[in-house]
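Fold the following and give me the result.
(2 chains, ligands or ions: 3)
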Amino acid sequence: MLKFLGKRVLQIVVLLFIYVTVVYWLIEAMPGSFVDQYLLNPKLTPEIRENLKRQFGFDKPAHIRYLIYMKNFLTLDLGISFSYFPTRVTTIIAERLPRTVFLFVTSTLVSYVLGYNLGKRAAWKRSGLLDKTTTFVGIVFWTIFLPLLAIFNIWLFGVILKILPLNQFIDPNLWKSAPLSAQTIFIRLLLTALVFLIVFLIALLISNRLKTIPAKKTVLYTSSITTIVVSIVIWILSGYSTYAWDIIKHMVLPVLTLTLYSFAGSMLVMRDTMLDVIREDYITTAKAKGLPDNVVRDKHAARNALLPLVTNFVISLGFTVGGGIITETMFSWPGIGRAYLEALNTQDTPLLIGLLVFTGIFVLIAHLVADVLYAVLDPRIRY
Amino acid sequence: MLLSVRDLRMYYKTKMGYVKAVDGISFDLDQGESLGIVGESGCGKTSISMTILRLLPDNAEFKGGSVLFDMGNGPVDLVNLPESEMRKYRWRGISMIFQAAMNSLNPVYKVGDQIIEAIQNHFPDMPLDKARQKVAELFTLVGLDPSRMDQYPHQYSGGMKQRAVIAMALACDPKIIIADEPTTALDVIVQDRILKEIRKIQRKLNMAMIYISHDIAVIAEVSDKIAVMYAGKFVELADAVTIFKQPMHPYTYGLMHAFPSTVGEKTELVTIPGEPPNLLNPPKGCRFAPRCPKADSVCSEVEPEYRELEKNHFVACHHPVQPKEVVRFYAE
Ligand SMILES: Nc1ncnc2c1ncn2[C@@H]1O[C@H](COP(=O)(O)OP(=O)(O)OP(=O)(O)O)[C@@H](O)[C@H]1O
Ligand code: SF4
Ligand SMILES: [Mg+2]
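Residues are numbered from 1 along each chain as shown, chains lettered A, B, ... in the order given. Ligands and ions are numbered 1, 2, ... in the order given. Now for the predicted structure:
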């Protein structure tokens, strides 16, 4: 296992360097540049022009700039943004990443949990009512054009029902007199979610060791509900709950849209693998042993069908740091996806390269995690 | 009587019509007795056991009959039991070694844990260390090293998996164990050894057994009585010696003579010519008529009744083979 990990990490490092190089030269090859656009301003004197060029590093040829970029990259320095001059690219990413991660991780998580549960039930009672409806609904949402779904949801929940705010990250009027910045509150919300996730995972590990299904359920439910209640109480006592609630309210619509759009993917994968697994002889054996129907379904069938789903899930998690340009634009969500669009529009090459490189790193790491997880879940796989 | 099956019928529904896989099967099984069911591939042997245990696929339709099973407190008809009750009889009352024993173990759980799961399902109060001890005993019984119980199925060889599956079938001290061609995937030497062990264990624990195979030689080795199955029906049932010495159904007769026979200098395998019928629409009268040398017009019109011609000797034939009679399956 260690040897495998070492080999994979080495592979990832090599891949990363190739990837950064490709990204760098692709962006470099794009016509026009931020400086060209900026220097067109006729009011600038030639001296200032030269000065600016030097400051941005455009006085050196491209391959020298590439070498400098690589040298900085080794120290995790992704340069300085042009359009947000003189903010560092890493600072911009650090500010926007939590928002994107929260949004996309939540919806990915929800859609996989939903997909797993619906998929396994649909396959278990094949061509039943649940199977037919979930497959139909799933495929409808899956094939729908995402902006259309977003607009529809905004129209339905924001305009007609008026229960959810239209878009944006926060309600500006509310935050005028706020004691803390939205970012601080947001990070705290994120921490709360993280704590919940950790508690849930620990509960899951503990419940795995328990024997009876009621005992498992009790452990899972009580720990989850306790954590939720305790964190709500803490938030209310802190006096910041209205602000936190505002952020959560603004998240519902994008999360809902993304979940609807993507749950079908995981559901169909789960349903398909489950249908294969159900035909296996060890499922008949499990039934013959006199095990209750839901034990056969969950412990024997779903556990084996889970493998491809988990891999998909981890890799999708890797992609979540990239956010979604369409979703974030539709909901005016100031995350990484929007940063991509801005960087493209303003030809802010350092930011664009930085974002691409950053997303790439995460996807590569996600692949590694998926490999390790696969080995943990499937005893037949040993590296 | 431990198990009493009467006129059991189960058809598979397909686009082309009903596949009459189990079509009026009757037999009795006593404590400690071993019944062998022999028949060509596709005649419905596996379907019988799946119907008894009610482990049928979605397209299977139960068409009637009864399965009276007596665990010591009066016979219960398994056919009418609600699913939750039926579960208590599975494995505890009747357990099974499946045809595809190699794939009967779930790849993601340790072999020992899969056996413990069965034990704790039926004896929820048994503590874990007791259950582990039981598994260790079972492993020793079937000739496996008990230290292997914490290994995964993929770490076992084919023969070891086979033994583990047998150990699992014995886990809840069942009254009846159904062994459905449990050795087909193994090489001949291992096959023979496992066969002998199954028989030894069955005798030692005084369990009843239903042993299913297409190979009459295998059946002969493990059975007290033998049922010969053809196209969804039993055509003959008698004790093993009678079936071998005095077969009365032409099909059984044919099977007995389908051994390698030495005629003069050359050895040849004599088989019954022709193919078994399609179970979608089997022949109207006797289902064996198209292949039977003794068939006449009555045979292809009227279905022969399954009767007790001699004591404990059941035959379904209009013209049973008489002692000393020679039936020729060839146009010579
Ligand atoms: N799910 C099903 N749907 C339709 N037909 C089926 C189904 N399962 C089995 N059959 C058919 O029913 C008949 C009996 O099958 P079964 O598996 O009981 O035979 P078998 O005697 O056990 O054969 P083998 O020796 O090959 O295991 C076969 O003709 C088979 O094609
Ligand atoms: S009933 Fe007729 S066709 Fe059928 S086995 Fe007997 S003799 Fe042959
Ligand atoms: Mg079979």
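
How many neighbouring residues does the one residue in the stretch 101-250 of chain A that gets nearest to ligand 3 have?
Using CB to the ion, the closest approach of the stretch 101-250 of chain A to ligand 3 is made by A:Arg126 at 23.4 Å. In short, each C-beta sits where N, CA and C put it, glycine included. The number of residues packed near A:Arg126 is 14, by other CB atoms under 10 Å in any protein chain shown.

can you tell me how far the closest residue to it other than its chain neighbours sits from A:Phe56?
Nearest residue to A:Arg126, sequence neighbours excluded (CB to CB, 6 or more residues apart in numbering or on different chains): A:Leu275, at 6.8 Å. A:Leu275 is 57 Å from A:Phe56, where distance means CB to CB, to the nearest Å.

And stretch B:118-132, what's buried?
Buried residues in stretch B:118-132, counted by 16 or more other CB atoms under 10 Å in any protein chain shown: B:Ala118, B:Ile119, B:Gln120, B:Asn121, B:His122, B:Phe123, B:Ala131, B:Arg132.

So which elements touch the helix or strand containing the second one?
This means B:Ile119. For B:Ile119, the host element (DSSP states H and E) is helix B:111-122. Packing partners of helix B:111-122 (3 or more CB pairs under 8 Å, 6 or more residues apart in numbering or on different chains; DSSP states H and E): helix B:128-142, helix B:158-170.

Could you give the number of residues near the nearest residue to A:Lys249 once chain neighbours are set aside?
Closest residue to A:Lys249 apart from its sequence neighbours, by CB to CB, 6+ apart: A:Pro165 at 5.8 Å. Around A:Pro165 there are 19 other residues, counting by other CB under 10 Å.

Over to B:Leu170?
Neighbours of B:Leu170 (other CB under 10 Å): 23.

Which residues are in contact with the residue nearest the centre of chain A?
Nearest to the mean C-alpha position of chain A, by CA atoms, centre = their mean, lies A:Thr320 at 2.4 Å. By CB atoms under 8 Å, 6 or more residues apart in numbering or on different chains, the residues touching A:Thr320 are A:Thr100, A:Val101, A:Phe104, A:Val105, A:Thr108.

count of residues packed around the first one?
So the one you mean is A:Thr100. Count around A:Thr100 with other CB under 10 Å applied: 24.

Would you state the secondary structure element containing it?
Going by DSSP H and E, A:Thr100 is in helix A:89-124.

show me where pLDDT drops low in the chain?
No chain specified, so I'll use chain A. A:34-35, A:38, A:167 (pLDDT under 70).

you looked at the wrong chain, it should be chain B
Using pLDDT under 70, the flagged stretches of chain B are B:185, B:258-270, B:330-332.

Any residues of it in contact with ligand 3? List them.
Residues of chain B lying close to ligand 3 by CB under 5 Å from the ion are B:Thr46, B:Gln99.

Repeat the analysis, applying 8 Å as the threshold.
Residues of chain B lying close to ligand 3 (CB under 8 Å from the ion) are B:Ser41, B:Lys45, B:Thr46, B:Ser47, B:Gln99, B:Asp180, B:Glu181, B:Ile212.

Name only those of the residues you listed that count as buried.
Buried among the residues of chain B next to ligand 3 (16+ other CB under 10 Å): B:Lys45, B:Thr46, B:Ser47, B:Gln99, B:Asp180, B:Glu181, B:Ile212.

Next to ligand 2, which bits of chain B? Give me the list.
Within chain B, the positions lying close to ligand 2 (CB under 6 Å from any ligand atom) are B:249-250, B:286, B:288-289, B:292, B:294-295, B:299, B:304, B:317-319.

With distance to A:Leu256 as added columns, please give the residues you listed in CSV.
Formatted as CSV, the residues of chain B next to ligand 2 follow (distance: CB to CB, whole Å):
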residue, distance to A:Leu256
B:His249, 70
B:Pro250, 72
B:Cys286, 67
B:Phe288, 66
B:Ala289, 68
B:Cys292, 70
B:Lys294, 75
B:Ala295, 72
B:Cys299, 71
B:Pro304, 69
B:Cys317, 71
B:His318, 73
B:His319, 76
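
Turn those residues into a markdown table, including secondary structure and neighbour count.
As requested, the residues of chain B next to ligand 2 are arranged in a markdown table below (DSSP: H, G, I helix; E, B strand; the rest coil; neighbours: other CB atoms under 10 Å in any protein chain shown):
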| residue | secondary structure | neighbour count |
| --- | --- | --- |
| B:His249 | coil | 29 |
| B:Pro250 | helix | 27 |
| B:Cys286 | coil | 29 |
| B:Phe288 | coil | 27 |
| B:Ala289 | helix | 22 |
| B:Cys292 | coil | 24 |
| B:Lys294 | coil | 19 |
| B:Ala295 | coil | 18 |
| B:Cys299 | helix | 22 |
| B:Pro304 | coil | 21 |
| B:Cys317 | coil | 23 |
| B:His318 | coil | 17 |
| B:His319 | coil | 17 |
